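> build me a structure from this.
(chains A and B)
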Amino acid sequence: GQSLEQPSEVTAVEGAIVQINCTYQTSGFYGLSWYQQHDGGAPTFLSYNGLDGLEETGRFSSFLSRSDSYGYLLLQELQMKDSASYFCAFEYGGATNKLIFGTGTLLAVQP
Amino acid sequence: DAGVIQSPRHEVTEMGQEVTLRCKPISGHNSLFWYRQTMMRGLELLIYFNNNVPIDDSGMPEDRFSAKMPNASFSTLKIQPSEPRDSAVYFCASSFTSGGSLETQYFGPGTRLLVL
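Below is the predicted model of the structure:
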């Protein structure tokens, strides 16, 4: 089957750096995406890793290691507005391609 | 440029009633996805269409759920009859899919459904 694991909650202070880990298990893997969802809002795309290594987009970076079935999202210079849920999702290429989402990590940024 | 549009934004209904959720994808996108989000089960893919054709409906919970995409700019998700356990936020998302890769998905604001 397919599954993803990520921590349920993370707390950090404004200005700090936080890393949200994601491990996955699947037989057909194309890439790992990260989405952000504020309370009451819709998920919005943050980052995608199709290959091993680090992808950087402003204050956010995402990393993928296919050999370890592991990825992470790194948020730097945390701001209060970064308080949200963060979902990793892998692109599953079985009979049909689709995104499988993790259960999400609730990030609380404290002043 | 308008994003994904969903209606209604909120729906309160009684058990046994028919519920129809509507979605207008981003113009030019060729893939459309219906998701359900609950605290217990997280974000689940119900069904997705590519070029208006249902590709994967393995996530549709049961026969009470049906989805259609009559054209590239409109899709519906219908629940008949509705049950309290269907209460959730239903998201529609769209993307431009090429070469088998799913690409970035753009989510609509969601429909918050409460079945009493």
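
> now residue A:46, nearest residue through space, not along the chain?
Among residues not flanking residue A:46 along the chain, residue A:34 sits closest, at 4.4 Å (C-beta to C-beta, 6 or more residues apart in numbering or on different chains). Bear in mind the C-beta positions are built from the backbone N, C-alpha and C, glycine included.

> chain B versus the one you found, what's the distance?
Distance check for residue A:34 against chain B: by C-beta to the nearest C-beta, to the nearest Å, it reads 11 Å.

> helices and strands around the helix or strand of chain A with the lowest mean pLDDT, which ones?
None of the helices or strands of chain A scores lower by mean pLDDT, DSSP states H and E than strand A:97-101, at a mean of 83. Helices and strands touching strand A:97-101, by 3 or more C-beta pairs under 8 Å, 6 or more residues apart in numbering or on different chains; DSSP states H and E, are strand A:29-37, strand A:84-93, strand B:42-50.

> Serialize those to a markdown table and add fields for distance to residue A:70 and mean pLDDT.
Formatted as a markdown table, these follow (distance: least, C-beta to C-beta, whole Å; pLDDT from 0 to 100):
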| stretch | distance to residue A:70 | mean pLDDT |
| --- | --- | --- |
| strand A:29-37 | 9 | 90 |
| strand A:84-93 | 10 | 89 |
| strand B:42-50 | 20 | 92 |
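
> quick one, what contacts residue B:58?
For residue B:58, no contacting residues are found, by C-beta atoms under 8 Å, 6 or more residues apart in numbering or on different chains.

> ok, now which ones touch the residue nearest to the spatial centre of chain B?
For chain B, the residue nearest the mean C-alpha position is residue B:34 (2.8 Å; C-alpha atoms, centre = their mean). Contacts for residue B:34 (C-beta under 8 Å, 6+ apart) come out as B:23, B:45, B:46, B:47, B:48, B:67, B:75, B:77, B:90, B:91, B:92.

> how does it look with 6 Å?
Counting by C-beta atoms under 6 Å, 6 or more residues apart in numbering or on different chains, residue B:34 makes contact with B:46, B:47, B:67, B:77, B:92.

> any idea how far the fourth one is from residue B:24?
When C-beta to C-beta, to the nearest Å is applied, the distance between residue B:77 and residue B:24 equals 13 Å.

> so which of these two has more stuff around it?
The residue with more neighbours, out of residue B:77 and residue B:24 and counting by other C-beta atoms under 10 Å in any protein chain shown, is residue B:77; that gives 23 against 19.

> and the more buried one, what element?
Assigned by DSSP states H and E, residue B:77 belongs to strand B:74-79.

> where along chain B do the strands fall?
Remark: strands assigned in chain B by DSSP state E are B:5-7, B:10-13, B:19-24, B:31-38, B:42-50, B:53-56, B:65-71, B:74-79, B:88-95, B:106-107, B:111-115.

> over to chain A?
A:3-5, A:9-13, A:18-25, A:29-37, A:44-49, A:53-57, A:60-65, A:70-75, A:84-93, A:97-101, A:105-110.

> redo those as CSV? Include mean neighbour count.
Shown next, in CSV, are these (neighbours: other C-beta atoms under 10 Å in any protein chain shown):
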stretch, mean neighbour count
strand A:3-5, 16
strand A:9-13, 13
strand A:18-25, 18
strand A:29-37, 21
strand A:44-49, 19
strand A:53-57, 12
strand A:60-65, 20
strand A:70-75, 21
strand A:84-93, 23
strand A:97-101, 21
strand A:105-110, 17
